[in-house]
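Student: I would like to see how this sequence folds:
(4 chains)
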Protein chains: 4
Amino acid sequence: MNNKSYILGNTEIIKFKNNVDLCIGTGRMGLALQKEYFEQLKFVQENIGFKQIRGHGIFHEDMSIYQEYKNEDGDIMPEYNFTYLDFVMDSYLELNIRPFIELGFMPHAIASGDQSVFYWKGNVTPPKDYAKWNKLVDATLRHLIARYGDEEVTSWLIEVWNEPNLDHFWKDKNKKEYFKLFKETITTIKAIDKRFRVGGPAICGVDDVSWLTDFLNFCRDEKIPLDFVTRHQYNISLPERNGRYGYPKLIPLSASCAETDRSRVIIDSFKEFRGMEMHVTEFSTSYSPVTPLHDTNINAAYLAYLLSRLGDTCESYSYWTFGDIFEESGVPFTPFHGGFGLVANGKIPKPTFWAFKFFKDLGNGECIHRSQEAVVIKKSDGTYRGIAWNVGAKEETAALTLSFTMENANYKGEYCIVTKTVDENVCNPLKIWHDIGEPSSLSQKEKLLLRESAHPLVKTHRGKGTPVVELILERNALIYFEVFPSKIESDRGFDYERAANIEFTGE
Amino acid sequence: MNNKSYILGNTEIIKFKNNVDLCIGTGRMGLALQKEYFEQLKFVQENIGFKQIRGHGIFHEDMSIYQEYKNEDGDIMPEYNFTYLDFVMDSYLELNIRPFIELGFMPHAIASGDQSVFYWKGNVTPPKDYAKWNKLVDATLRHLIARYGDEEVTSWLIEVWNEPNLDHFWKDKNKKEYFKLFKETITTIKAIDKRFRVGGPAICGVDDVSWLTDFLNFCRDEKIPLDFVTRHQYNISLPERNGRYGYPKLIPLSASCAETDRSRVIIDSFKEFRGMEMHVTEFSTSYSPVTPLHDTNINAAYLAYLLSRLGDTCESYSYWTFGDIFEESGVPFTPFHGGFGLVANGKIPKPTFWAFKFFKDLGNGECIHRSQEAVVIKKSDGTYRGIAWNVGAKEETAALTLSFTMENANYKGEYCIVTKTVDENVCNPLKIWHDIGEPSSLSQKEKLLLRESAHPLVKTHRGKGTPVVELILERNALIYFEVFPSKIESDRGFDYERAANIEFTGE
Amino acid sequence: MNNKSYILGNTEIIKFKNNVDLCIGTGRMGLALQKEYFEQLKFVQENIGFKQIRGHGIFHEDMSIYQEYKNEDGDIMPEYNFTYLDFVMDSYLELNIRPFIELGFMPHAIASGDQSVFYWKGNVTPPKDYAKWNKLVDATLRHLIARYGDEEVTSWLIEVWNEPNLDHFWKDKNKKEYFKLFKETITTIKAIDKRFRVGGPAICGVDDVSWLTDFLNFCRDEKIPLDFVTRHQYNISLPERNGRYGYPKLIPLSASCAETDRSRVIIDSFKEFRGMEMHVTEFSTSYSPVTPLHDTNINAAYLAYLLSRLGDTCESYSYWTFGDIFEESGVPFTPFHGGFGLVANGKIPKPTFWAFKFFKDLGNGECIHRSQEAVVIKKSDGTYRGIAWNVGAKEETAALTLSFTMENANYKGEYCIVTKTVDENVCNPLKIWHDIGEPSSLSQKEKLLLRESAHPLVKTHRGKGTPVVELILERNALIYFEVFPSKIESDRGFDYERAANIEFTGE
Amino acid sequence: MNNKSYILGNTEIIKFKNNVDLCIGTGRMGLALQKEYFEQLKFVQENIGFKQIRGHGIFHEDMSIYQEYKNEDGDIMPEYNFTYLDFVMDSYLELNIRPFIELGFMPHAIASGDQSVFYWKGNVTPPKDYAKWNKLVDATLRHLIARYGDEEVTSWLIEVWNEPNLDHFWKDKNKKEYFKLFKETITTIKAIDKRFRVGGPAICGVDDVSWLTDFLNFCRDEKIPLDFVTRHQYNISLPERNGRYGYPKLIPLSASCAETDRSRVIIDSFKEFRGMEMHVTEFSTSYSPVTPLHDTNINAAYLAYLLSRLGDTCESYSYWTFGDIFEESGVPFTPFHGGFGLVANGKIPKPTFWAFKFFKDLGNGECIHRSQEAVVIKKSDGTYRGIAWNVGAKEETAALTLSFTMENANYKGEYCIVTKTVDENVCNPLKIWHDIGEPSSLSQKEKLLLRESAHPLVKTHRGKGTPVVELILERNALIYFEVFPSKIESDRGFDYERAANIEFTGE
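Tutor: Below you'll find the model as predicted:
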């Protein structure tokens, strides 16, 4: 057993920014038409509540936005269909979430080639005619403004394309072509309304140093009104494949954010861009939607660490994704299948769901402790909130014991500690699903069982004087806690101890 | 630690009847107009699902049924207002529950005196004019038939009055007067439609032997078409009072059902009534709605025993009550206050809620084990379901270990065991509420915390061959389990063990 | 037929203040616990949306706030139960409506006498001990602040008592005693938080001149920090009684607001109070909840006039009441019974509901027409909205034709007019209910029929150039209209005229 | 004006079968995943309530059922993904509707060619390997049985393919190939469970005589256990095209059902098939989803005639379709676009919706009148229900007046007539939408306006003695009526006439 004790007194300021709820990822926009998608997102919004949502495919065929017809003179004319776009945006706003718009992929009719990505065949080639692309972007944004108002719509962030530094997302990962696309697009958008904020280059961690450096040089040289930088972060080795699924290794915590940190350094090395917002528009452990790791408790504990860390360099960091309505590798065959989601199909929260819920409940405040196992905050009302985790201990018995003494509490009387624990024993729906036979088609009874099993275990504890929080974190555990002064004001004659220790007649 | 092992083979038939869902109690009918009442009942119906509901006060003033006016000749004329009765019955049917109608108490205008019971002042005196009472009963039932149809309404059971063997429910506990009331009432009802089923004498355990014997003699001698017998059962000593609250002792399990058993013997001693249905139209541990015992885990475990036992002598047994919208001792000051309900105000399920949920899920089947700690059933599909409890062990560490070996299972391959545990550590909202300071007014955050804390802990376990269920029951624990054959049919390439034991790069 | 034509050009400013949604009345607070009450209020809020709600009975017995017990020394001690108050306030805030608190009536335990008002017996006597009253007010407001926050709660207006100028609401209509009550109460409240705004004297139109004058003199002389003045307005003669119901005559429109206008004059005659806000905390046609007039179309048309008029002198005017869950004359026997509500039991909107809906939709803007039959507004976006009515024409055929020419429209192309009509022919649920037999107990089918029948008839009309609105108002009709520029942008190939005039083969 | 009077006495039995609710059409199954689809279907089910639903595309790519992978030996292996099928079937059963399964179209991986139909590219070629097709059918039905039970699933009707008599639905409209498909498929199905009921040939009206005759000959000769015959019925001339839309003429009522009637004759001419059930698995006026006719009042009136007529020869007749989530000609650009649906996007009921609602409310009974304008039924409780329509009168003023005298009523006292009218003046959302400018993107306010405008106008009328129903049907009107005996039982003192004719003071 691993034991650590911390005395938390009045010390220097510890840097910590918690923007957990700024953005969340999603399957392609066409899937947002689905009922099950909506219900999962509703569940996520009711329990966590994100502010923005980002995904691919606004211009993919299933959204049907770009259309053409032949006019009387035989000319091919563009026309735009916003029926489904309205459905999606109405849903988002109904759920109090805004789009972080990613412009892509290419409508077949204006694409320069056939190359596509994913089961759903997103076209990843440049436009054959930039004028048509620009007109499409222009018509779409103007439509949104007409429907939702300019104040609303110009507050939505816009990102140009996705991971152009990979060949399978951008034909020949042609850097020069991407820069052209970026310039054409941002110019089009700013011409509609200067208040729109536009960013890129939406790269992942392949050649990311040169891509980012070149991109910033290009923006500076071409005087492009760049508003923010975007990139992605994943934290695994190349997965080994077995049938439909992939099994990667995790990068150690200490190395996890290296690429993102380096991007921050690059940005700040440009005097024109120093301090510019960076948005991690995708992150997770694995970059593949068939990685059973995503559904485990270690994923939750690992994510807790990342959530304690990403605010150091980034404005937002958007977990990829909120739910498992997702088709990049085809439609999932089973409810648990290693999808990206916080929620499994059947509306079952995965352990990682609770990492986000806990950071949302943590909020912000004065950070009084931050380590590779925990973060603790003092709120302005004098209460404490904290989150602790135990990532990847080797043995099942390798518990971590943490003790925090709040020396700066200045509590006079009694206090209460609430803990909420998520670990492999008490909140592990993947194990329950496995044990009941890994059913691909959940009966209603099985769905309810899995949902019942997927709650944190709540406990309370009372003490007096200087608060001491003692946490036992089992392997891959995640614990949220609150500490607050608590005087018991019993109703006239109510005696808890007596109620809790009943006797029998005849004793 | 107490250990017991049972080998469950093909043995003689064990008697066990599980009618847990036939009926549930409720606060007075006027409270059924309330929104919070409806929401609590909805919650109970969605999770458990009772078939009938019984409570007092159909003719109490707040239902406004009986009214009088002066006609042009100056005569006092009766009129009947069914507006609120319709509201209540519509609500019940919407929630798929039927009334088990208790006729009482007396409308002030036709009462022979002023004596009343409860904070809400139910009048407990006989009618000053039986013709007016009979007309009221007649008008009410005919109205219900007109609104809901005769097939529906004549299927509702009817009980005459409540606990006439206590002075505070029936003036002078006048036995002869009650018999008169019973005869007048049943005669009135049968004249409307012979299909109505009517019973009494709704007594509790005071002079119950003589009351029941005399009642049955009366019915036999007067040739009254009695359809069933009703009585109540509580299981405590006289509570000690402290301020608003009462602290009784519990009767030992072994003595708990003695009075009810004796009533069965009395009924069967009449050749005219042998085998007649008995309905326990109220039961609980304590008979007082300010008994903190009701909110504890021991109450749940004790109830589990009673639920395993009451079907021996009774057709239905109606827990008093489903929820804590209840005013007999006044409006509750705090969410936990020792009310009768399965659900505390704020829609928080108490431990006892789960005893009912578990017996509902148990259902019926071939009983293969029954003891003072457990009941186990084999279902027709070859699976097993069971419930075990540990009532009132003295020390906090006094766990009970139970082992069941299903020798008659004839399972060839692997099986799965699901357990759901409710005990003082994992599902104890009363303790959580106490620890956060016993707030009388719950914030939304506190409500959610309490609800989160009030779930059973779900676990699964796999084995092979003859199933063995090993249960560790902490003090006052209640465990539900299911055992079923379970072959794992993994999707192509899915490997649970590999997912659950991830490695790090560099290891 | 009566014809009037108006040319609406750029003229002088017409005074018109539309505060239709500031406040609405309700049955006593205890009824707010009811499910049917909540559903009616939800329906009203979803369709109209009021900001505040005012009714009697916060301290009535059924709210159970004031309680007493004997302590160990045998002293009677007060205690306060806020369980139900929390239920009600939670419901209100959930429906986005705030209480306009009326403090009353007197809890029995601290009342100086037994005199009561209404079927539900509100005690109308002064406190026997003002210290107890003040402590009750203090405890209640402090509890609300603790639960909902001081910013929220101090924004709620507070009125002291109801209609003390009538003996049946205030024993002996003792003016001096009321002034004492007012002073004690406002002093208590301001001591909690000066931001609270408190008003009175909540009088109706009996001796109102002397009451108001004396009250203002008292406030001035005693330097009482009065925040606003309150009074009531009803507009009928003494009803003739027939059985349960009353049949009054209506005061002519021209005389309807005389008393309220006079109150304005009185207030403004005090230099200390000149321009002080006046709130009409109750108004309707009849002051009795068994006046079938309330359910008719003439009531709606009459109300439309009052809604066009009351803003001249008052800040808010609170229609008495939103729904028919109401017990002042006992529980209603039938869905339509002349109750005060905008909505009849069964969630059926009465014609008057639409008067409020229409004024809510009208909103505010530049008033360009106002007469005894209509009000017309030009909105800041250049569109028009108006409401017209035809009150009490004698013959069924006595239609009123109104024509408005919007000379200041400056519309270049086509425009569209939308009208919504409520009259005795197209939206008259009372007649439908009468014709189907006046059932006291509505079947589900009858409820749906009545709801279906209770919608305005919607029509549209297109024109070009200067808009001309031609309205035909049948007897007691109420019409809402909008006028806006409207260019038809047909989809490629869509031809409405062709679709609407289909032909048959072989023709 | 056209006037007709009918005396309805005790006459011979008039044939009339009303199976309006047996089945309804739908866009392809993949669209059933959509939220908007679900909400429209929910609306339809709550208001009308159909028993079965039939559409295309169970095996289309977007349902992802048929999949292939390469095993370790490099063989291509089939696998089946039922994730989305479960979503759809769960939704249907939740809405209390069962699938009428149409097997088709061909998964690309087992198709013999590339030919496709519709915007969504349903593959219409025969299987390249019938074993693979049969295995797909087998796996799908066995999965459904495993999930929903054999009793449930074998009660679902199954139809093989769609309109094989058209080249665009079945390559080369190859009759022999279809017969082969039919035989293979039905053999596969009956081998799973003989209780399954299977039919075809799902033809439309092109070469239908020879197709049906040949099909029945084939079934007889090959001893195929055919359970029922299916065909389609549309009632227009070839539409003229304008841009996106089509403008056909309607076939006169008298000729509308000729093809279907002829199919009945053909079936009955086979002694083996005489009296066999025929299901019209699609019908409407136009067969194109961009025919503005569908949204008009004449469509509703025309449909009323068809609904009065189709039961003569058919068991079910499934209107194509319930809603406008439909993509055969692409995603609709505007809410009203001539789609097939009873409901327009935005959940706006079209006039034809009410034709179905009215026939559902009509139900069955003794038919006492049936003509080209009306059908009237006497219910077993002595009340009457009827529907009347006025199809395609030439001038806007060409009203039809119908009078029905119920000579066989034997009503002693008063009666009530309820009418619900849908015509171009009172329930014409297409006109409202046109008048407000034909917006392609509806604001929330516009949606509400359109819904408000799309209700029947409800009226009531009272009479005495022999009931006489007088109906004035404006051009393209549709009227539903009920007649029932109605005694007014007024509450004590309630006087409707007095309430409805209020007076003013001073008069």
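
Student: okay, and A:Arg451 sits in which element?
Tutor: helix A:444-453 (DSSP states H and E).

Student: now do the contacts for whichever residue of the stretch 351-500 of chain A sits closest to chain B.
Tutor: Nearest to chain B, among the residues of the stretch 351-500 of chain A, is A:Gly493, at 1.9 Å (Cβ to the nearest Cβ). (C-beta placed from N, C-alpha, C; glycine too.) With contact set as Cβ atoms under 8 Å, 6 or more residues apart in numbering or on different chains, A:Gly493 has these partners: B:241-245.

Student: swap in A:Gly363?
Tutor: A:Gly363 makes contact with A:18, A:377, A:379, A:385, according to Cβ under 8 Å, 6+ apart.

Student: and for the last one, the neighbour number?
Tutor: A:Arg385 sits with 21 neighbouring residues when counted by other Cβ atoms under 10 Å in any protein chain shown.

Student: give me the three-state assignment for it.
Tutor: With DSSP: H, G, I helix; E, B strand; the rest coil as the basis, A:Arg385 sits in strand.

Student: that one bridge partners, please.
Tutor: A:Ile377, A:Glu482 (DSSP bridges).

Student: outside of stretch A:128-136, which residues touch it?
Tutor: Stretch A:128-136 has contacts (Cβ under 8 Å, 6+ apart) with A:59, A:65-66, A:78, A:80, A:106-107, A:110-112, A:127, A:180-181, A:184-185, A:187-188.

Student: need the contact list for the nearest residue to A:Thr285 once chain neighbours are set aside.
Tutor: Spatial nearest neighbour of A:Thr285, excluding adjacent residues (Cβ to Cβ, 6 or more residues apart in numbering or on different chains): A:Asn235 at 5.2 Å. A:Asn235 makes contact with A:250-251, A:256, A:283-286, A:302, A:306 under the criterion Cβ under 8 Å, 6+ apart.

Student: ok so, going back, in which helix or strand does the residue of the stretch 351-500 of chain A closest to chain B reside?
Tutor: Short version: A:Gly493 belongs to no helix or strand, going by DSSP H and E.

Student: got the confidence number for it?
Tutor: Looking at A:Gly493, its pLDDT stands at 96.

Student: my guess is A:Leu144 contacts A:Asp150, does it?
Tutor: No - assessed by Cβ atoms under 8 Å, A:Leu144 is found out of contact with A:Asp150, at 9.4 Å.

Student: more neighbours, these two?
Tutor: A:Leu144 (21 against 15).

Student: hang on, the earlier thing: in the contacts of A:Gly363, find the pair that's most separated.
Tutor: A:Asn18 and A:Lys379 (12.1 Å; Cβ to Cβ).

Student: of these two, who's got more company?
Tutor: Of the pair A:Asn18 and A:Lys379, A:Asn18 is the one with more neighbours under other Cβ under 10 Å, namely 20 against 16.

Student: give the closest residue to the more buried one in space, chain neighbours not counted.
Tutor: A:Asn364 (5.3 Å).

Student: and what of A:Asp214?
Tutor: The shortest distance from A:Asp214 to any non-neighbouring residue, by Cβ to Cβ, 6+ apart, is to A:Lys175 (6.3 Å).

Student: how close does the one you found sit to A:Asp167?
Tutor: Using Cβ to Cβ, to the nearest Å, we find A:Lys175 at a distance of 12 Å from A:Asp167.

Student: same thing with A:Asn364?
Tutor: From A:Asn364 to A:Asp167 the distance is 41 Å (Cβ to Cβ).

Student: check A:Gly9 too.
Tutor: A:Gly9 is 54 Å from A:Asp167, by Cβ to Cβ.

Student: so between those two, which is more surrounded?
Tutor: A:Asp167 (15 against 11).

Student: surely A:His294 touches A:Leu342?
Tutor: No - with contact defined as Cβ under 8 Å, A:His294 does not count as touching A:Leu342 (9.4 Å).

Student: intersection of neighbour lists for those two?
Tutor: A:350, A:352.

Student: what's the closest non-adjacent residue to the residue in the stretch 51-200 of chain A positioned nearest to chain D?
Tutor: Relative to chain D, the nearest point of the stretch 51-200 of chain A is A:Ser64 (4.0 Å; Cβ to the nearest Cβ). Distances taken as Cβ to Cβ, 6+ apart place D:Val331 nearest to A:Ser64, at 4.0 Å, with adjacent residues excluded.

Student: for D:Asn242, see how far away the one you found is.
Tutor: Counting by Cβ to Cβ, the gap from D:Val331 to D:Asn242 is 20 Å.
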